[in-house]
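> Curious how this folds, go ahead:
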Amino acid sequence: MNTSITIDVPAALVASHGKPGNASGRAWLAALPALVADTLERWELRVDGPAGNGMAGLVLPVTRADGTPAALKLQPKSEESAGTPLGLRTWNGDGAVRLLDHDPGSGAMLLERLDASRPLSSVADDRAATRILAEVLARLVAIPAPEGLRRLSDIAAAMLEQVPQAVPMLRDPAERRLVRSCASAVADLLGEPGDRLLHWDLHYDNILAGEREPWLAIDPEPLAGDPGFDLLPALDNRWDEVVAGGDVPGAVLQRFDLLTEALGLDRRRATGWTLGRVLQNALWDVEDGKTALEPAQVAIATTLMSRRS
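Model (predicted):
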């Protein structure tokens, strides 16, 4: 094993996984240098740029033995990311970064090289950026989900079970009512969870410019379900700019209408599953000890429910 390789792990990644209470994260960080060296040697890769990172993983620009540029991604295994290789193989480069190799043991993925310096968030015109995201998402959810992925039906049912214990943790009675309304919307759709291949986290920074295609999605957490459950990350992009614009409901509805039109979705159904995504985020916040919802989530849910009524 080549142990002479020195990798500067980004500080944000150390902060994310190196907290005192995160024993598994700290163990992964400690094992990372050896894992990098072993993977580079086994796949005959040469590092040709500084390390980068996403929310959870290390990304190294590399060159394969045949001279092909690629990106090596390493991150701790998790329930959310377990289906990523299967999802990427199923898309096979159609709207998403192409998977070149995968090691099930370590979770290492060798990916097509995209331009990390040009995320979709670099497009200044928000309507143009939303349209690009919608076009990418429409391609992704056009594919039926393969067997073996987590299913929205199971996730939605589990969320509804958590609501009675979570709601009292919120301080604001209005927010408690909002969460119950979101849960009601999910309950109405529980028998129709959908079967499309979802990305689950498609926002501006998870779409990068490429050479093979102008824009491609990265970092999916694949899920089988209804495309309406995939809209929320696109609705709260650049939220500070939305608020500064002075018409939050108008901006939310403009984005929502553009997305649902591009994907050919029924808007009432898409509203229900978007409220389901707000419910999921609310439950995660409560689980993290928070007693109030994120303002963007409240504004989006309130806007969509106002149109729904």
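
> Contacts only, for the residue nearest to Leu60 when sequence neighbours are not counted.
Using C-beta to C-beta, 6 or more residues apart in numbering and skipping the chain neighbours, the partner closest in space to Leu60 is Leu72 (4.4 Å). Where C-beta positions appear, they are placed from N, C-alpha and C, glycine not excepted. By C-beta atoms under 8 Å, 6 or more residues apart in numbering, the contact list for Leu72 reads 36, 39-40, 43, 45, 59-60, 62, 108-111.

> Which members of those are positioned in helices?
36, 39-40 (DSSP state H).

> Compare the residues you listed and tell me which is most surrounded.
In terms of neighbours by other C-beta atoms under 10 Å, the ones in helices among the contacts of Leu72 top out with Val36 at 24 neighbours.

> Kindly provide the distance from that one to Ala108.
Taking C-beta to C-beta, to the nearest Å as the measure, Val36 falls 9 Å from Ala108.

> buried stuff in the helix or strand hosting Val242?
Element membership for Val242 (DSSP states H and E) is helix 239-244. Across helix 239-244, burial judged by 16 or more other C-beta atoms under 10 Å covers 239, 242.

> For the helix or strand that it is followed by, enumerate the helices and strands it packs against.
Using DSSP H and E, the helix or strand that directly follows helix 239-244 along the chain is helix 248-263. Counting contacts by 3 or more C-beta pairs under 8 Å, 6 or more residues apart in numbering; DSSP states H and E, helix 248-263 packs against helix 126-141, helix 232-235, helix 239-244, helix 267-287, helix 295-308.

> Can you list the buried residues in stretch 114-130?
For stretch 114-130, by 16+ other C-beta under 10 Å, it's 114, 116, 119-120, 123, 126, 129-130.

> Stretch 53-73 now?
Buried-residue list, stretch 53-73, by 16+ other C-beta under 10 Å: 53-54, 56-64, 70-73.

> Flag the shaky bits of the chain, pLDDT-wise.
Where the chain drops to pLDDT under 70, the residues are 1-6, 18, 54-55, 309.

> try 50
Scanning the chain for pLDDT under 50 picks out 1-3.

> Work out which residue lies at the spatial centre of it.
Nearest to the mean C-alpha position of the chain, counting by C-alpha atoms, centre = their mean, stands Asp201 at 2.0 Å.

> quick one, what contacts that residue?
Contacts of Asp201 (C-beta under 8 Å, 6+ apart): 219-221, 233.

> between the buried residues of stretch 53-73, which is nearest Thr303?
Gly54 (29.4 Å; C-beta to C-beta).

> Quick check: closest non-adjacent residue to Asn237.
Counting by C-beta to C-beta, 6+ apart, Asn237 lies nearest to Tyr204, which is 4.9 Å off, once chain neighbours are set aside.

> swap in Gly87?
Pro222 is the one closest to Gly87 (C-beta to C-beta, 6+ apart), at 3.0 Å.

> close enough to count as contact, that neighbour and Gly83?
Yes - if you go by C-beta atoms under 8 Å, Pro222 and Gly83 touch, sitting 4.3 Å apart.

> can you list residues touching both of those two?
Here Pro222 and Gly83 have 149-150 as joint contacts, going by C-beta under 8 Å, 6+ apart.

> Those two - which one has more neighbours?
Neighbours were counted for Pro222 and for Gly83 using other C-beta under 10 Å; Pro222 has more, 27 against 22.

> gap between the more buried one and Leu35?
Distance of Pro222 to Leu35, given as C-beta to C-beta: 23 Å.

> Please apply the same query to Arg171.
For Arg171 relative to Leu35 (C-beta to C-beta), the value is 43 Å.

> just Trp284 next, same as before
Distance of Trp284 to Leu35, computed by C-beta to C-beta: 28 Å.

> Who has more neighbours out of these two?
Leu35 (17 against 11).

> Need phi/psi at the nearest residue to Ala217 once chain neighbours are set aside.
Nearest residue to Ala217, sequence neighbours excluded (C-beta to C-beta, 6+ apart): Ala96, at 4.5 Å. Torsion angles at Ala96 (phi, psi; degrees, to the nearest 10) stand at phi -130, psi 160.

> Use 495 as the first number from now on
New numbering, starting at 495: the last item is Ala590.
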